[in-house]
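# Provide a 3D model corresponding to the input given below.
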Amino acid sequence: MKSRRVSFTFRRRRRLLFFRCILLFLILWTVHTVIHYYAGCSESHVISNFCIGFSIPSLFFSLANPFLGSSKFATHDPNEAETRTITQDSWSTQPITRLMSVAENRFRTKLESQSKSLEAAVAEYRRRFCMSPPKGFDKWWEFTQQYDIIMIDEYDGMMRDLQPFYDVKGGGQEIRKRIAAVASLPSIDLVRIRGGVPSVQADGYVDTEVSARAKGLRSMLGKFVKELPDMDFPINAKAEGRVIVPWEKRQENSSTTGDSVNNNNNDNNNNTRVDPLASFKPDWKGEGNVWDAWRRTCPPNTKARRHFSSVRSGMYTMDNGLPSIHPMLKAYRDNDPSNPYDPYHPFDPTNPQSKLQKHSDGSITTSRELLSLPTSTTPQFTFSPNTPYHDQSFCDDPHLHYTQGHFFSDWRTLGELYPVMSPARASGFSDIKIPSHYYYGSTARYTYGWDAEKGELREVDKDEVAWDTVENDATNGNDSNSLHKLNKIFWRGATTGGGNEPAGFAPMYQRHRAVRDLASDFNALVQGVELTGFDAYHDGGLYHLSVPYSTLNKGIMDIAFMQATSPGQYPGGLKKLLNDYRFDEGVPLGHHWKYKYLLDIDGMSYSGRFMAFLASDSVPIKSTVYEEFFGDWIEPWLHYIPLSAGYEEIYNIFAYFSGIPGEVVEQVYNDSDTYDYEGDNDSDDYGDGNEQVYNEDEDDDGGNDVGLRRGGGGGGGPSNSTSESKSYTSTPTSTSYPRRTRRRNTMIPGAPDGDARLHRIALAGKQWKKTIGRTVDMEAYVYRLALEWARLCSDDREVMSYVV
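As a prediction, the model looks like this:
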């Protein structure tokens, strides 16, 4: 075994600590002597013996570990050597490891608890919802058994959608009146069942899809429509949510009702009220906005209600007594060369006096800092157990609404509890969820396995690429000609994401932020991200590594816009939009299957590609503020990876599963100046020869040379999750590393079984889509919704309940 090279810094530190310990020993011995001389009591004897007993092991422990007491976490020198006994147990407590374990156990318990008989299903329904199931529940049960429906009891989300309508005074008659009223509005279609025959009643509103959502629901009713009574379904023709009911109105509804099921009071006093839809306009046109309406859904004591005036002050300034756009945004929009602020990091909308001053290190205030999100300067890293829909509260943190485009939609919302069925529902909205027609139909744009030439759906898409675990080439598998999936995070999409009411905030929308932050190549203007991962070669602990965003983006991201939609909404227009963001050529859906990671981000509403991503052999990383019909059926960290609204932890998600790519390591350590690597000989170990060596195996996708002895990447990084009680956080410990000779483009591995874990998520998501996310599962959902809807709209809800 080759001799170990010990640095001068290491020897000097050992000598310094040795003399310090000798000095400590002499001081304590002097104290011991003085105590015995002046006191001579037994207590003093105990104290002095303790001092001596403490100093001796401290001396030897310090000699054995010259880094004791040295806070080396953020500034460790990889040239300084340290020998430890290696274990691989610590990685099991890493947040992602725990999140995956919890998810698997929770989903397994859910599957095992599903009702196995009609009687059990009825009992479970009564236990959950404190009332009997709707009439026709037995027929629905037969449908589930015929088509092997797995999720029998998980409809809590549906019942939450419907509960406010049970509280409406006037019973079924009032519900039917509201259906008729809302169906007269532009962009609201009607699916009508009469005599077992479904039809679509449109109001003449025409957009690019022409009642596609209503037609989709009509198709979903096909197998069982003859079992249903006559009824009407008001369907939202747009993707955006439409119903926002103020908090006070919801409380008023709830306080005027008794038993929900027996609420058959056909109070006709409502006939005298003024129809709130009589003067309804389809868009805002400067007369309000979605956020102004939405904030009223919050309780009166929340920040969104109490501090609204201060929040809105960041949006406008006064110009000759009239509100006008903030001057910083105006300069940005007009492409004013005198504007000193970097467009990649917009101003703080909540503070009209805020300035984006450059820091001494050349960086500037980032959008994460402006939004009070944790930045990459903290050693902690946090991963959300779920998507932002569950973890983000705009009532408590109203300034975060600037980051989500649905608050800037051009389409006017409804301020009364009108029944509108939509494919997704954001927090605070009162739309009723139905399955998306994108998921139910088959198109080349949204459906995995669709063969447009043959007009058939294949189980495996013709463009699917094998996961594979063969050794990658020197570039860590990022070769476009590779026959296995590439180790990168991929996204392509249009510049959708929000409307223009009020104007000028497009740079803050979710898609714009993602492309700006994850595709940025500006070294001088952004701070580094901290990667915190596993030291697989030492004690399984965690280490800390700072990497510029631009370096990581180049190494692990392939993020770009491929279409400029409504460029006039962007400050500065099309030219500014093309200059500020990365644009690339459009790709077909099948191109996505070349990558292991598929980023999924909201557009104008939910993302219509999610089901296709699940069906593939890749792993979706999903960030959404929407809930969809399958919310009770799917498990984050088992079937997909959830991502916070700020995306910052995405780098450490990648590091956990796939390590740090060689090209990133090459740039960070600048051609081996930091530590060395000495060949492929397995005997080239450091220490006394008793240390274990982590050998890359088939679970490691990095394709590294087996002679690598540098500790592993992976783990996690800072997150902007706003749910402190639900987030999983870990603090890394300090470690130092020996000097080794490192080859160029040699990656740092992630968790010991990181790639296998990532593949497991891909397979679990694919299996979920094949067994729980099928089109027939969507039909089962709609069938049960139709039974519930028939009872809600009935004059006698007691009669429309199931009786055993």
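# pull out the buried positions in the longest strand anywhere in the chain.
Taking DSSP state E as the criterion, the chain has its longest strand at strand 486-494. Buried positions in strand 486-494, judged by neighbour count with 16 or more other C-beta atoms under 10 Å: 486, 487, 488, 489, 490, 491, 492, 493. C-beta here means a position set from N, CA and C on the backbone, and glycine is covered the same way.
# which of those residues lies closest to residue 173?
The closest of the buried residues of strand 486-494 to residue 173 turns out to be residue 493 (C-beta to C-beta; 44.8 Å).
# quick check: the closest one touching residue 604?
No: using C-beta atoms under 8 Å, residue 493 is not in contact with residue 604, being 11.2 Å away.
# hang on, the earlier thing: now the buried residues of strand 486-494 in TSV, with distance to residue 299?
Shown next, in TSV, are the buried residues of strand 486-494 (distance: C-beta to C-beta, whole Å):
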residue	distance to residue 299
486	47
487	46
488	44
489	38
490	41
491	36
492	40
493	35
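# need the max-distance pair from those residues.
487 and 493 (21.1 Å).
# just give the number of residues close to the closest residue in space to residue 408 that isn't next to it in sequence.
Nearest non-adjacent residue to residue 408, counting by C-beta to C-beta, 6 or more residues apart in numbering: residue 498, 4.2 Å away. Number of residues near residue 498 (other C-beta atoms under 10 Å) recorded here: 27.
# quick one: residue 498 from residue 245, how far?
Computed as C-beta to C-beta, to the nearest Å, the residue 498 to residue 245 distance reads 22 Å.
# then residue 113?
The spacing between residue 113 and residue 245, counted by C-beta to C-beta, is 33 Å.
# residue 765 against residue 617, yeah?
No: in this structure residue 765 lies outside contact range of residue 617 using C-beta under 8 Å: 9.2 Å.
# ok, these two, which is more surrounded?
Higher neighbour count among residue 765 and residue 617: residue 765, with 27 against 19, using other C-beta under 10 Å.
# ok, and what's touching the helix or strand containing that one?
Per DSSP states H and E, residue 765 falls inside helix 754-771. Applying C-beta atoms under 8 Å, 6 or more residues apart in numbering, the contact partners of helix 754-771 are 100, 150, 448, 467, 469, 596, 611, 613-620, 633-634, 637-641, 656-659, 699-702, 714, 751.
# then stretch 409-418?
164-165, 168, 178, 181-182, 187, 234, 238, 240-246, 249-250, 253, 276-277, 280-284, 288, 290, 293-294, 420, 430, 498-501, 604.
# what's the span of that stretch, first residue to last?
Distance across stretch 409-418, first residue to last, is 19 Å (C-alpha to C-alpha, to the nearest Å).
# got it, and stretch 200-218?
End-to-end distance for stretch 200-218: 7 Å, by C-alpha to C-alpha.
# for the stretch 101-250 of the chain, just list every one of the strands.
188-194, 197-201, 231-236 (DSSP state E, counting those that start in this stretch).
# likewise for the stretch 501-650 of the chain?
Under the criterion DSSP E, counting those that start in this stretch, the stretch 501-650 of the chain contains strands at 528-534, 542-548, 557-563, 595-601, 619-623, 626-627, 641-642.
# of all the ones you listed, which lies closest to residue 143?
strand 626-627 (24.4 Å).
# tally of neighbours for the nearest residue to residue 401 once chain neighbours are set aside?
Leaving aside its sequence neighbours, residue 401 sits nearest to residue 407 (C-beta to C-beta, 6+ apart; 4.7 Å). Around residue 407 there are 25 other residues, counting by other C-beta under 10 Å.
# for residue 407, give me the pLDDT.
Residue 407 carries a pLDDT score of 90 in this model.
# again, but for residue 382
Listed pLDDT for residue 382 reads 81.
# one more: residue 608?
Residue 608 carries a pLDDT score of 95 in this model.
# ok, it touching residue 443?
No: here residue 608 lies out of contact with residue 443, judged by C-beta under 8 Å, at a distance of 9.5 Å.
# ranges for the helices of the stretch 351-500 of the chain?
Per DSSP state H, counting those that start in this stretch, the stretch 351-500 of the chain carries helices over the ranges 367-370, 388-391, 437-440.
# actually the stretch 151-300 of the chain, not the one I wrote
156-166, 171-182, 212-220, 247-255, 290-294.
# about what we covered before: ok, of the helices of the stretch 351-500 of the chain, where does mean pLDDT dip lowest?
For these, where the average pLDDT is lowest is helix 367-370, sitting at a mean of 37.
# where does the stretch 601-750 of the chain have low pLDDT?
669-745 (pLDDT under 70).
# the stretch 201-350 of the chain too?
Judged by pLDDT under 70, the stretches of the stretch 201-350 of the chain that qualify are 204-208, 254-286, 307-350.
# kindly recompute the last result at 90.
Counting by pLDDT under 90, the stretch 201-350 of the chain contains low-confidence ranges at 202-211, 238-239, 249-289, 306-350.
# count the neighbours of residue 132 for me.
Using other C-beta under 10 Å, the number of residues around residue 132 comes to 18.
# need the pLDDT of the closest residue to it other than its chain neighbours.
Excluding the flanking residues, the one nearest residue 132 by C-beta to C-beta, 6+ apart is residue 801, at 4.4 Å. Looking at residue 801, its pLDDT reads 96.
# and for residue 113?
In this prediction, residue 113 carries a pLDDT score of 98.
# ok, it touching residue 154?
No: applying C-beta under 8 Å, one finds residue 113 not in contact with residue 154, separated by 9.5 Å.
# the two: who's more crowded?
Taking neighbours as other C-beta under 10 Å, residue 113 and residue 154 compare with residue 154 leading, 19 against 12.
# contacting residues for that one?
Taking C-beta under 8 Å, 6+ apart, we find residue 154 in contact with 110, 114, 632, 633.
# so how far is residue 140 from it?
For residue 154, the distance to residue 140 equals 14 Å [C-beta to C-beta].
# check residue 758 too.
Going from residue 758 to residue 140 by C-beta to C-beta gives 38 Å.
# between these two, which one's more packed in?
Taking other C-beta under 10 Å, residue 758 and residue 140 do not tie; residue 758 has more neighbours (26 against 23).
# just want to check the distance between the more buried one and residue 659.
In this view, residue 758 and residue 659 are 11 Å apart by C-beta to C-beta.
# again, but for residue 201
For residue 201 relative to residue 659 (C-beta to C-beta), the value is 56 Å.
# ok, those two, which is more surrounded?
residue 659 (32 against 14).
# wait, isn't that one in contact with residue 753?
No: Residue 659 is beyond contact range of residue 753, at 12.0 Å (criterion: C-beta under 8 Å).
# if anything else comes up later, I'll come back, but that's it for now.
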